[in-house]
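Engineer: 3D, please:
(chains A and B)
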Amino acid sequence: MKQKRRPGIAFTIICAILLSQAAFAVMVQAIGAILFTNSFKKEYATSTYYMANTAAALINGDHLDGYAAGEAAEEYELTRQRLDVYCRKMHVSLLYVICVDTSDYGRFVSIFNSVDNTVDNTSYTEWELGFRRDTTNDEYRKKYRAMYEKTAPYETVYRTTRLNGHNPHITTMVPVSDSAGNTVGILCIQRPMRELRDAYRPYLVSVAVWAMVSCAVTGALAAFYIRRQFLRPIQKTADEAIRFARENTKGEPLGKISRLREIDDLAGAIDTMESDMLTYIENLTSVTAEKERIGAELSLASTIQENSIPNIFPPFPDRTEFDIYASMTPAKEVGGDFYNFFLIDDDHLAMVIGDVSGKGVPAALFMMVTNILLSDRTHMGGTPGEILTYVNRNLCEHNKADMFVTLWLGILEISTGKVVFANAGHEDAAVCSKDGAFALYKTRHGFVAGGMQGIKFRDFELQLQPGDKLFLYTDGVPEATDGENRMFGMDRTLDALNANREKTPQEILEGVHGSVDAFVGEAPQFDDLTMLCLHYIGADKKNDVHELTVDATPENLGAVTEFIDGVLQEAGCPMKTQMQIDLAVEEIFVNIAHYAYEQETGKATVLITLGQDPRAAHITFLDSGKPYDPLGKKDPDITASAEERKIGGLGVFLVKKTMDNVQYVYRDGRNILSFQKNL
Amino acid sequence: MNILQEKNGTELAIALEGRLDTMTAPELEAALKDAFEGVETLVFDLEKLDYISSAGLRVLLSAQKTMNRQGSMKVTHANEIVREIFDVTGFADILRIE
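Structural biologist: Got it, this is the predicted structure:
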């Protein structure tokens, strides 16, 4: 739909001026007409009065009553002729003398009556002597009375508008007196007011013409002035504003562009705004660049921090005695929480979790120092208590910023399940026995590390049975806060753990994280969220690792399948599960055979371990081909029609769908793909 | 794997026995290539098929595409394992399974 164009300022203002001028002209005409009519009437009344008085002097008032009775006929005739002459010479249309019945002035008798119809194109007939008539109306009656009672020297009746076919005229009456001075009759003269009518029209026309001329001139002047002092400056200002909005560059200043103060102010304001805005943009650009630089550095720092701790899972794919998983979610780009775990030797696994006071970059730096000190010292041997004592001493020596860190350090003896640990002000670990529930393993805490010189930390012991799980965390978990400032708390933490206690360490941590997220809702994450979970499977199952290395060619698929089936059958695996595992083994092995080594032939190793708790087959493929993550590929669209279906990716998709815990990692030049299946 | 073909006019019945995997799928593909001529109804009897992998699915998909052009195809008597694979991969929506 086309939008109706709205009228512009010039059009509106000029229309308003013309309208008001027209209204003014009409008003001037009306007032002029009234004043003109009044002065004209006054002038006419006076002159007609003189004329009437002159005529009245021709009449002998003493005989007036007698004329009607036929007395003094000669004198009457003479007077009548004189009056006729007078009537014609003086250009009056009617001249008459009447005697009014003074009882109520309702009737009169005509004495003289001269008519000159040529004067005003009238058609009166003369009244004869003695003609009787009723008084025309109350106005005449009142005026007749005034004449007889001599309350006024004369009376006038105006007819300024056309009435009953008569043109505007004036009727002036004067008393006719006898020699004693008494009023005996009334002389009336009706005189046309042609001049009034004749003068009226030119007056109106000239006023109208002058009004139109004046309208045109002022309209043109207004248009010229508005365009020059108002419209053009406004348009220029608007153009400049639009240009600036589009280009954001410095333009020609508008300067003084109008004599009108408001317009000039507006242009000045636009000029000022532009220069201010440009300054602001400049500032913002440099601030933004600075922010981006800091952001890039933080992001790099965050990567360095993440990679300073093990973050590739599974970390030890060929160790079947335990499964370990950890996660760290910093509240800011870099955080003060950390975890770490590493093998000290074949039989000892160190696990650390820590929380540095404060957050952000300072905390991250302190955490890096702590982590390096701790892992270096741990590799040198000694108990966790000795290690923490050493770490504390070193942290205190160089701690000018009064920062401190809580630490939980444990060393697991893999063959026996014995954990020796020390605690520097950190939260108690939670332990879940094979058939029980997660519970806190409470011990006395030492003081925080870095807080005070010369503290000795005690060692504690904890025995893990095969199937037991150990959960470490920072205060970010129980102290996660929702929108109403309620804390997640230890009870909810344990509930979340127990709800997932049958699952793998990764699933347990994801479960707890999910519970925390659901609890916190929209509230911003305040503290780092760090967790570590160890599943102690036990060393006695170590002998169950079966290993086969073959050339990675499709022809060896039969040998691989046979090897896997042999192990599975020995374990009493149901046929259906065996078929599913066969399928996964085939897809993965054929993938390696086809793609890992391109034209050459390389080796592929398959490991199968039978876990007892739960009863499951853990299968791992290793090859030294080019790095390739088959799990990174997008799943095929299984809803497409036959014609649109692509066959690629279906094999890996089948593995993902039918096997559990499918994981890929590239480490030490080897592609390591593992999965498990409960038997 | 054994491939038993029985042709009856424009109807071709193929019974598969054993494992349809990476090694055996090319055999079936070759056998089908020769047998498609003039076939309007293709029936796979999978009663004795123990196992199927993605390589086997590929052959079934290309057979389905061929038969879409010249007639119809159906798959019968698939066992639980095979049927589950059809379900997981969305083949259950593409193939006519009886």
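Engineer: count of neighbours near the residue of chain B found nearest chain A?
Structural biologist: Going by Cβ to the nearest Cβ, chain A is nearest to B:Gly90 of chain B, at 2.8 Å. Heads up, the C-betas are built off the backbone N, CA and C, glycines and all. B:Gly90 is flanked by 16 other residues according to other Cβ atoms under 10 Å in any protein chain shown.
Engineer: ok, A:Ile34 next?
Structural biologist: Neighbours of A:Ile34 (other Cβ under 10 Å): 10.
Engineer: test my guess that the residue of chain B closest to chain A contacts A:Thr639.
Structural biologist: Yes - between B:Gly90 and A:Thr639 there is a contact at 6.0 Å, judged by Cβ atoms under 8 Å.
Engineer: please tell me how far the most centrally placed residue in chain A sits from chain B.
Structural biologist: When Cα atoms, centre = their mean is applied to chain A, the residue found nearest the centroid is A:Ala245 (19.0 Å). Using Cβ to the nearest Cβ, to the nearest Å, one obtains 53 Å as the distance from A:Ala245 to chain B.
Engineer: next helix or strand past the helix or strand encompassing that residue?
Structural biologist: Secondary structure assignment for A:Ala245, by DSSP states H and E: helix A:232-247. From helix A:232-247 onward toward the C-terminus, using DSSP H and E, the following helix or strand is helix A:261-307.
Engineer: tell me which element A:Met452 falls in.
Structural biologist: Applying DSSP H and E, one finds A:Met452 in no helix or strand.
Engineer: ok but A:Leu622 is inside a strand, no?
Structural biologist: Yes - the assignment for A:Leu622 by DSSP: H, G, I helix; E, B strand; the rest coil puts it in a strand.
Engineer: quick one: contacts for the closest residue to it other than its chain neighbours?
Structural biologist: Closest residue in space to A:Leu622, ignoring its immediate chain neighbours: A:Thr605 at 4.5 Å, by Cβ to Cβ, 6 or more residues apart in numbering or on different chains. Shown in contact with A:Thr605 (Cβ atoms under 8 Å, 6 or more residues apart in numbering or on different chains): A:547-549, A:621-623.
Engineer: so which residues of the stretch 551-679 of chain A form strands?
Structural biologist: A:603-612, A:615-623, A:660-667, A:670-678 (DSSP state E, counting those that start in this stretch).
Engineer: would a markdown table of the ones you listed with distance to A:Glu502 and mean pLDDT be doable?
Structural biologist: Shown next, in a markdown table, are those (distance: least, Cβ to Cβ, whole Å; pLDDT from 0 to 100):
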| stretch | distance to A:Glu502 | mean pLDDT |
| --- | --- | --- |
| strand A:603-612 | 13 | 86 |
| strand A:615-623 | 12 | 89 |
| strand A:660-667 | 13 | 87 |
| strand A:670-678 | 11 | 90 |
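Engineer: A:Leu548 - nearest residue in space that isn't next to it in sequence?
Structural biologist: In space, A:Leu548 is closest to A:Phe563, 4.6 Å off (Cβ to Cβ, 6+ apart).
Engineer: okay, residue 10: pLDDT?
Structural biologist: In the absence of a named chain, this looks at chain A. Here, the pLDDT recorded for A:Ala10 equals 75.
Engineer: wait, I meant chain B there
Structural biologist: 89.
Engineer: now it: closest residue in space, sequence neighbours ignored.
Structural biologist: B:Glu40 (4.1 Å).
Engineer: surely B:Leu61 touches A:Arg645?
Structural biologist: Yes - with contacts counted by Cβ under 8 Å, B:Leu61 reaches A:Arg645, the gap being 5.8 Å.
Engineer: now for the two: what residues contact both?
Structural biologist: Counting by Cβ under 8 Å, 6+ apart, the residues touching both B:Leu61 and A:Arg645 are B:Ile94.
Engineer: more crowded one of the two?
Structural biologist: For B:Leu61 versus A:Arg645, neighbours defined as other Cβ under 10 Å are more numerous around A:Arg645 (23 against 20).
Engineer: quick check on B:Leu32: phi, psi?
Structural biologist: With angles defined as degrees, to the nearest 10, B:Leu32 sits at phi -70, psi -40.
Engineer: could you measure from the residue nearest to B:Thr66 when sequence neighbours are not counted over to B:Ser62?
Structural biologist: Leaving aside its sequence neighbours, B:Thr66 sits nearest to B:Phe36 (Cβ to Cβ, 6+ apart; 5.8 Å). From B:Phe36 over to B:Ser62 the distance is 10 Å, taken as Cβ to Cβ, to the nearest Å.
Engineer: which neighbouring elements make contact with the longest helix along chain B?
Structural biologist: Ordering each helix of chain B by length in residues (DSSP state H) puts helix B:54-70 first. When contacts are defined as 3 or more Cβ pairs under 8 Å, 6 or more residues apart in numbering or on different chains; DSSP states H and E, helix B:54-70 sits against helix A:650-658, strand B:11-20, helix B:25-35, strand B:41-52, strand B:72-76, helix B:91-94.
Engineer: for A:Glu386, give me its contacts.
Structural biologist: A:Phe457.
Engineer: tell me the pLDDT of it.
Structural biologist: 94.
Engineer: what's the helix or strand for it?
Structural biologist: Per DSSP H and E: helix A:384-397 holds A:Glu386.
Engineer: what's the distance between that helix and the middle of its chain?
Structural biologist: 57 Å (Cα atoms, centre = their mean, to the nearest Å).
Engineer: can I get the CA coordinates of it in CSV?
Structural biologist: Extracted as CSV, the C-alpha positions of helix A:384-397 are listed here (Å, rounded to 0.1, in the frame of the first residue of the first chain):
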residue,chain,number,x,y,z
PRO,A,384,50.9,-37.0,50.8
GLY,A,385,51.5,-35.4,54.3
GLU,A,386,55.2,-34.8,53.5
ILE,A,387,54.4,-33.5,50.1
LEU,A,388,51.8,-31.0,51.4
THR,A,389,54.2,-29.9,54.1
TYR,A,390,56.8,-29.2,51.4
VAL,A,391,54.3,-27.4,49.1
ASN,A,392,53.1,-25.3,52.0
ARG,A,393,56.6,-24.2,52.9
ASN,A,394,57.4,-23.2,49.3
LEU,A,395,54.1,-21.4,48.8
CYS,A,396,54.6,-19.4,52.0
GLU,A,397,58.1,-18.4,51.1
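Engineer: following it in sequence, what is the next regular element?
Structural biologist: Defined by DSSP H and E, the subsequent element after helix A:384-397 is strand A:405-413.
Engineer: count the residues that sit near the residue of the stretch 501-650 of chain A found nearest chain B.
Structural biologist: Chain B sits closest to A:Ile638 of the stretch 501-650 of chain A, with a gap of 2.8 Å, by Cβ to the nearest Cβ. Other residues lying near A:Ile638 total 17 when counted by other Cβ under 10 Å.
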